[in-house]
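K.L.:
sequence first, predicted model second:
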Amino acid sequence: MTPPTSTAVGGTPIGAGKHPTEFALYIEDLTVKFGGFTAVDKLNLYVDRNELRVVIGPNGAGKTTLLDLICGRTKATSGSIRFKDIELTGMSEHRIVRAGVGRKFQTPSIYETLSVRENLEVSFPRGRSVFGAIAFRRTPDVIERVEQVAEEIFLSEMLDRSAELLSHGQKQWLEIGMLLMQEPELMMLDEPVAGMSMSEREKTAELLNRISRGRSVIVIEHDMEFVKHIAHKVTVLHQGKVLAEGPMDKVQADPRVVEVYLGH
Amino acid sequence: MNSVYRNVIGGREGAIGIAVLAALIFVIFPLVLDVFRLNLVGKYLSYAFVAIGLVMCWGYGGILSLGQGVFFGIGGYCMAMFLKLEASTLEATKIQSTPGIPDFMDWNQITELPWMWVPFKSFLFTVLAVPLIPALLAFIIGVAMFKRRVGDVYFAIVTQAIALILSVLIIGQQGLTGGVNGITDLKTLLGWDIRTDSARFTLYFVNAGLLFGCVLLGRFLLSSKLGKLLMAMRDKEERVRFSGYDVASFKVFVFCLAAMFSAIGGAMFTLQVGFMSPSFVGIVPSIEMIIYAAVGGRLSLLGAIYGTLLVNFGKSYFSETFPQLWLFLMGGLFIAVVMAFPNGLAGLYASYVRPRFFKSRAKADAALTSDAKVIA
């Protein structure tokens, strides 16, 4: 297998000297077509463990589609997505989740009729079959984990409230917490700070930095200040292709990136 | 034991709710009503099985099935086939050209018991077939639909089509099913005459006991994580899927459960009323059953029983007094429920009765959404 050749800003190809299989997630030649439209076009992407990668790009660049492809919501036309050396293309969504991939949606997607505690409990990775769910009990380890995660997402005080009554930002955190319950090795967050206040943003940045330890995180974000704050590396997508990749300051200085995206 | 009390019974308020309904059904009705009226209530309560099945699969699971009559009917027909065979002794049918087979078969020039009737000579087979055949059918429909993510309105239309198909099939296959008349003239169950007053009295209690059994089973399931997942799926199916659950398998399960509940009701209907006909299988009865659950409150198992009783009392009163108006009233009732009190009687209870009697629970409600208050 040839080493990855994504165009990196600053000369050296990303991941040079590293065999693709050593990455937690490696995506090669990924293509998806909707009718005649190619939303993602021969895309290559490599994400390391302990890495927080931010994907940016203009509207319609294929960012959300990319996440949809990884988590199985959209089926790839061709190409390969390998995570921990398991081929994810063709697997059903719940199996991809069980393989360790967590996904947060763009609009907060939580269970409004359940309490915060129940939201987290339901996300605990045990009793996932029908009869497993019937036999599931609130054992001490579940309670402990729920409280631990609630603490992390700043919702310790809210555990017994209906999730519907949370503020928008708190709902975003809750969904991140629901992912954390699953202890995924790859977390994908689609615009996690959309609609958040400044102080909530800061807390979220801190949260994301904390949770990227021991796993890989992919974040889609538009807010450049926030991206600077959290990103280890940035990938710029444009028309379904990787336009540039590298540290934030270098990407920002890239004239092509300025032209298609940042210049606006 | 404590957790059983809290989860299955639903704590003090839940226990009182069950006790009130149990007192009504097991004590007050048998004391106040004559056997004829009691038998009528027993018939209504056999519909309540369908209504509580709908609470599980529609209220909680979000699966609107407009074809529950199919499962009610199959359960009823299974029981009717057994009873009919028992009634068709050589002695009783000796004037037929082929003695020993059900009379309607003889009228249709059938000379041998059809193969699908043969196993229904066994009582054990019948008792197993009543819940299991409808569950198997529900399983097949469920797998075919839910694995392909057919949902919502499309699913409702498919179930309605199935109800229509089955009723047309039953009417068309006269020699096999008794056609539009159904299976009538049922006499005894294992030699016990079910037409007597004492038998009707006993069957009423058996029926009510089974109904409470189903309610408790439903409460147990809803109090488990399965119940939370059903509600979660109803609101955010994608989220559940991306929490690692196979959403389709949960839908198949709850749909099968509702089918089994309905079928038990159908079998009890046959025993109490003494016949089964295609008029309980098709689209109209299936939709009436939705109304029972909606009026009672689609999130409340006990509410569904009250809803069933209320609508049926109304139906027999109004259809005797103003026969032409009944259908309009029923339609109006359904519209009123949807527009004015979407959580049915149970919703009215949560807003008006509970605050007076259960202050602590009412206080806890403040942190809950309107749906969460009505639950169970």
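P.N.:
Cool, the structure landed. None of the values given here were measured: they were computed from a predicted structure.
K.L.:
please tell me how far the closest residue to residue A:92 other than its chain neighbours sits from residue A:39.
P.N.:
Leaving out its chain neighbours, the residue that sits closest to residue A:92 by CB to CB, 6 or more residues apart in numbering or on different chains is residue A:72, at 6.3 Å. Using the backbone N, CA and C atoms, a C-beta is placed for each residue, glycine as well. Remark: distance between residue A:72 and residue A:39 (CB to CB, to the nearest Å) = 16 Å.
K.L.:
residues contacting the residue nearest to residue A:92?
P.N.:
The contact partners of residue A:72, by CB atoms under 8 Å, 6 or more residues apart in numbering or on different chains, come to A:88, A:91-93, A:95-96.
K.L.:
how close does it get to residue A:97?
P.N.:
Taking CB to CB, one finds residue A:72 at 9 Å from residue A:97.
K.L.:
could you list the low-pLDDT ranges of the chain?
P.N.:
Chain wasn't specified; assuming chain A. A:1-21, A:262-264 (pLDDT under 70).
K.L.:
I was after chain B.
P.N.:
B:1-4, B:6-7, B:358-376.
K.L.:
which positions in it make contact with chain A?
P.N.:
When proximity is defined by CB under 8 Å from any CB of the partner chain, chain B lies next to chain A at B:221, B:224-226, B:228-229, B:231-232, B:235-236, B:238-247, B:249-250, B:253, B:367-369, B:371-372.
K.L.:
residue B:89 against residue B:100, yeah?
P.N.:
Yes - here residue B:89 reaches residue B:100: they are 7.3 Å apart, a contact under CB atoms under 8 Å.
K.L.:
between the two, who's got more neighbours?
P.N.:
residue B:100 (16 against 13; other CB atoms under 10 Å in any protein chain shown).
K.L.:
helix or strand: which one has the more buried one?
P.N.:
For residue B:100, there is no host helix or strand (DSSP states H and E).
K.L.:
get me the contact residues on the stretch 51-200 of chain A for chain B.
P.N.:
A:71, A:73, A:92-94, A:97-98, A:102-103, A:105, A:109-115, A:118, A:121-123, A:125, A:127-130, A:133-136, A:160-162, A:164-165, A:175, A:178, A:182.
K.L.:
7 Å - rerun?
P.N.:
Taking CB under 7 Å from any CB of the partner chain as the contact definition, the stretch 51-200 of chain A meets chain B at A:71, A:93-94, A:97-98, A:103, A:109, A:111-114, A:118, A:122-123, A:125, A:127-128, A:130, A:133-134, A:136, A:160-162, A:164-165, A:178, A:182.
K.L.:
who's in contact with the most centrally placed residue in chain B?
P.N.:
Centroid-nearest residue in chain B: residue B:50, 1.6 Å away (criterion: CA atoms, centre = their mean). The contact partners of residue B:50, by CB atoms under 7 Å, 6 or more residues apart in numbering or on different chains, come to B:68, B:72, B:261-262, B:265, B:289.
K.L.:
would you say it is within a strand?
P.N.:
No - assigned with DSSP: H, G, I helix; E, B strand; the rest coil, residue B:50 falls outside any strand and is helix.
K.L.:
ok so, going back, closest to chain B among the contacts of residue A:72?
P.N.:
Nearest to chain B among these, counting by CB to the nearest CB, is residue A:93 at 4.9 Å.
K.L.:
separation between residue B:255 and chain A?
P.N.:
For residue B:255, the distance to chain A equals 12 Å [CB to the nearest CB, to the nearest Å].
K.L.:
specify the local secondary structure of residue A:217.
P.N.:
strand.
K.L.:
that one: neighbour count?
P.N.:
Around residue A:217 there are 25 residues (other CB under 10 Å).
K.L.:
after the strand or helix carrying residue B:54 comes which helix or strand?
P.N.:
In the assignment (DSSP H and E), residue B:54 maps to helix B:35-54. Heading C-terminal from helix B:35-54, the first helix or strand you meet, by DSSP H and E, is helix B:68-87.
K.L.:
which other helices and strands contact that following helix?
P.N.:
Applying 3 or more CB pairs under 7 Å, 6 or more residues apart in numbering or on different chains; DSSP states H and E, one finds that helix B:68-87 contacts helix B:35-54, helix B:123-146, helix B:152-172, strand B:188-189, helix B:247-273, helix B:283-296.
K.L.:
list the buried ones in stretch B:309-326?
P.N.:
Residues of stretch B:309-326 classed as buried by neighbour count (16 or more other CB atoms under 10 Å in any protein chain shown): B:309-312, B:315, B:318, B:326.
K.L.:
could you dump the residues you listed to CSV with distance to residue B:45 and secondary structure?
P.N.:
Below are these laid out as CSV (distance: CB to CB, whole Å; DSSP: H, G, I helix; E, B strand; the rest coil):
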residue, distance to residue B:45, secondary structure
B:309, 8, helix
B:310, 12, helix
B:311, 13, helix
B:312, 9, helix
B:315, 14, helix
B:318, 20, helix
B:326, 21, helix
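K.L.:
how far does stretch B:319-327 stretch from start to finish?
P.N.:
9 Å (CA to CA, to the nearest Å).
K.L.:
got it, and stretch A:78-93?
P.N.:
Stretch A:78-93 end-to-end distance (CA to CA) = 18 Å.
K.L.:
any idea which element residue A:82 lies in?
P.N.:
Using DSSP H and E, the element containing residue A:82 is strand A:78-83.
K.L.:
surely residue B:287 touches residue B:66?
P.N.:
Yes - the pair residue B:287 / residue B:66 is scored as a contact, 6.1 Å apart, by CB atoms under 7 Å.
K.L.:
centre-most residue in chain A?
P.N.:
Central residue of chain A (CA atoms, centre = their mean): residue A:188, at 1.0 Å.
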